[in-house]
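Novice: what's the 3D shape of this:
(2 chains)
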There are 2 protein chains.
Amino acid sequence: MEAVKCLSGGASLEANAESVLRAITPSLDPTRHKGQAGKIAVVGGCREYTGAPYFAAISALKIGADLSHVFCTEGAATVIKSYSPELIVHPILEESYNISGVNDEGKRDISKKILSEFDKWMERFDCLVVGPGLGRDPFLLECVSQIMTRARQSNVPIVVDGDGLFLVTNSIELVSGYRLAVLTPNVIEYKRLVQKVLGCDVNDQNTHGELLSLSKQIGGVTILRKGKSDLISDGEKVQSVSIYGSPRRCGGQGDILSGSVAVFLSWARQCNLAAERESTISRTNPTVLGCIAGSALLRKAAALAFEHKKRSTLTTDIIEHLGQSLEAISPVS
Amino acid sequence: MEAVKCLSGGASLEANAESVLRAITPSLDPTRHKGQAGKIAVVGGCREYTGAPYFAAISALKIGADLSHVFCTEGAATVIKSYSPELIVHPILEESYNISGVNDEGKRDISKKILSEFDKWMERFDCLVVGPGLGRDPFLLECVSQIMTRARQSNVPIVVDGDGLFLVTNSIELVSGYRLAVLTPNVIEYKRLVQKVLGCDVNDQNTHGELLSLSKQIGGVTILRKGKSDLISDGEKVQSVSIYGSPRRCGGQGDILSGSVAVFLSWARQCNLAAERESTISRTNPTVLGCIAGSALLRKAAALAFEHKKRSTLTTDIIEHLGQSLEAISPVS
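Specialist: Down below sits the predicted model:
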């Protein structure tokens, strides 16, 4: 019923993204100390991918987080560290090709060590981003499953993107029922998720209803379905963000989004929405607010970057416009 | 006969490069998704060379491709990744010096593994660039021969430059008769190719006729002969691009060209040239259109870079002007 109502009232669902951004962005008070504006960790970076975790982690800082960590393999760590001295990069993950001579017991020891290294840090984080440049190595994904389980036990929110969605689609119990999880699928990842969870193909005639059902079926996990308009639901209602972005589809924009959502949902959880008591914002799930804010800011920054660079626009150019875009909406003073 | 006619009518052969660029450059439609503007892969990067594959791969992105991969050796991969987080770099190739203790069977296993790693990706690519910074290690070149054979079986176009031309000149059967192959020799590489394929020395009195014969002899492979004017032929006719570029001859410009040709020929193959039905453009081989566009854009960008940097102009400076040059000819809206 809800689904049908949503579908018919499409226009009214457009989130007031700028109000959300203004409501959740914390004021910059000189008495605050390091870490209070957000401590984010990205789990990703393997033999093949180093750009994606870097994009997610640096985006978090450029929006205003205080500390941004990356947990990746040793080879990826050297490269990611070289991209920027601003990040804290932990070379703790392992891939099968690197431990091919190790027996099962040895592998269990390695896995245990990875977990204990991660455990030292986890409770400090306001949000994890799992997936950018994670790859699909079975051993690595098994360790990441355990990392997700630990984060969940400690109530650390988790944003899942990229190969993290591959992992979660095949092991939906990792996030099922966890209201602090956000999934950010693109068209193809969404299709796989619908097939796996709802057991049917994507129905373009019932976009909103389907998204509601999907989110409900996973127990209220927030889903940000990326597309021409981004659609966001936690199973209660569907909101959309349609601000004009850029027509460039270069790889890496999804990584900006996951890093941004991580920061904004942390802010939304921490901020005092008392001033918004009468508005719908204060009654909205913080993970949904984080998604609305992340989606809107990426679109604004992409539009600005495209204005300057046109077809040459790359993800790095968009990241350079995140700060200016946020300042335009929610100025520091 | 054709050759003589071409030679005598030199001026009329100048390609209308700007029209070609406008005809093949796809519109940027917000409904398109990641990958549709091009997925390119560069095979190159070894113990000695890392700049060349980077230049080719990043040029593809700066022109407007969505995804750009590099397949190289492990040592080269770390460096190429660190040049830019925008590239996806696969550390899969091996060189003899690194496997000197391995017996023949072991080498066959390594070779098989390289092929199977490459196979996972190949069908996703719109075009391969083989050669920038490839080096001349026999084991590595043998693997690359097999990669080229696979690409050919899957009808993936191949642009061959640098050490890829060394490989192909000695094993012309790799491209012979493959109409989706493009060779981009400079003066010296062209000389070797003529000697090997036509069994004679370069004849400067019959430049066009010789190029036609060479292309025909290799079965209609498109050849872009770089020089003061770039000459392009697929064995049917010869077209030239003489737009003024830059007098700087710093290394790396050929890599920009190979990456650019890869993007443009992919676009030319995909685009709907219906609007050009009455023009010669729609009747021209897409690989030739790709060469014309690539040659023209490089020259435009080199001229712009030289205007700013004069004698200091480097390949990186030219790459920074690719977007602006394309925008001047084929604006996004």
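
Novice: ends of stretch A:151-170, how far apart?
Specialist: 19 Å (C-alpha to C-alpha, to the nearest Å).

Novice: can it be found next to chain B?
Specialist: No: using C-beta under 8 Å from any C-beta of the partner chain, stretch A:151-170 stays clear of chain B, coming no nearer than 11.9 Å. C-beta: built from backbone N, CA, C; applies to glycine.

Novice: in that stretch, what's buried?
Specialist: Using 16 or more other C-beta atoms under 10 Å in any protein chain shown as the test for burial, stretch A:151-170 gives A:151-152, A:156-169.

Novice: surely residue A:251 is in contact with residue B:65?
Specialist: No: assessed by C-beta atoms under 8 Å, residue A:251 is found out of contact with residue B:65, at 9.7 Å.

Novice: neighbour count winner among these two?
Specialist: residue B:65 (27 against 23; other C-beta atoms under 10 Å in any protein chain shown).

Novice: can you read off the pLDDT for that one?
Specialist: The confidence metric pLDDT takes the value 97 at residue B:65.

Novice: what's near enough to touch the nearest residue to it once chain neighbours are set aside?
Specialist: Nearest in space to residue B:65, with sequence neighbours left out and distances taken as C-beta to C-beta, 6 or more residues apart in numbering or on different chains, is residue B:38 at 3.6 Å. For residue B:38, the contact set (C-beta atoms under 8 Å, 6 or more residues apart in numbering or on different chains) comprises B:60, B:64, B:65, B:66, B:67, B:126, B:127, B:263, B:266, B:267.

Novice: got it, and residue A:224?
Specialist: By C-beta under 8 Å, 6+ apart, residue A:224 lies in contact with A:182, A:183, A:184, A:185, A:230, A:231, A:232, A:257, A:261, A:291, A:294, A:295.

Novice: wait, is it part of a strand?
Specialist: Yes: checked against DSSP: H, G, I helix; E, B strand; the rest coil, residue A:224 lies within a strand.

Novice: roughly how far apart are it and residue A:154?
Specialist: 23 Å (C-beta to C-beta, to the nearest Å).

Novice: equivalent analysis for residue A:314, please.
Specialist: Taking C-beta to C-beta, one finds residue A:314 at 36 Å from residue A:154.

Novice: now do the strands in the stretch 151-300 of chain A.
Specialist: Taking DSSP state E, counting those that start in this stretch as the criterion, the stretch 151-300 of chain A contains strands spanning A:158-160, A:181-183, A:222-225, A:230-233, A:238-241.

Novice: among those strands, show me which one is buried the most.
Specialist: strand A:158-160 (a mean of 30; mean count of other C-beta atoms under 10 Å in any protein chain shown).

Novice: and the stretch 1-150 of chain A, which residues reach chain B?
Specialist: So far as C-beta under 8 Å from any C-beta goes, the stretch 1-150 of chain A lies against chain B at A:47, A:48, A:49, A:50, A:51, A:54, A:55, A:75, A:78, A:79, A:82, A:83.

Novice: from these, which is closest to chain B?
Specialist: Nearest to chain B out of the residues of the stretch 1-150 of chain A next to chain B is residue A:51 (C-beta to the nearest C-beta; 3.4 Å).

Novice: what number of residues lie near that closest one?
Specialist: So residue A:51, with other C-beta under 10 Å, has 25 neighbours.

Novice: right, and it touches residue B:85 too?
Specialist: Yes: counting by C-beta under 8 Å, residue B:85 is a contact partner of residue A:51 at 3.4 Å.

Novice: so what's the closest residue to chain B within the stretch 151-300 of chain A closest to, chain neighbours aside?
Specialist: Residue of the stretch 151-300 of chain A nearest chain B, by C-beta to the nearest C-beta: residue A:247 (3.7 Å). Sequence neighbours aside, residue B:28 is the residue nearest to residue A:247 in space, at 3.7 Å (criterion: C-beta to C-beta, 6+ apart).

Novice: quick one: secondary structure of that neighbour?
Specialist: Under three-state DSSP, residue B:28 comes out as coil.

Novice: and if you look at residue A:118?
Specialist: helix.

Novice: element containing the nearest residue to it once chain neighbours are set aside?
Specialist: Leaving out its chain neighbours, the residue that sits closest to residue A:118 by C-beta to C-beta, 6+ apart is residue A:147, at 5.4 Å. Residue A:147 belongs to helix A:138-153 when assigned by DSSP states H and E.
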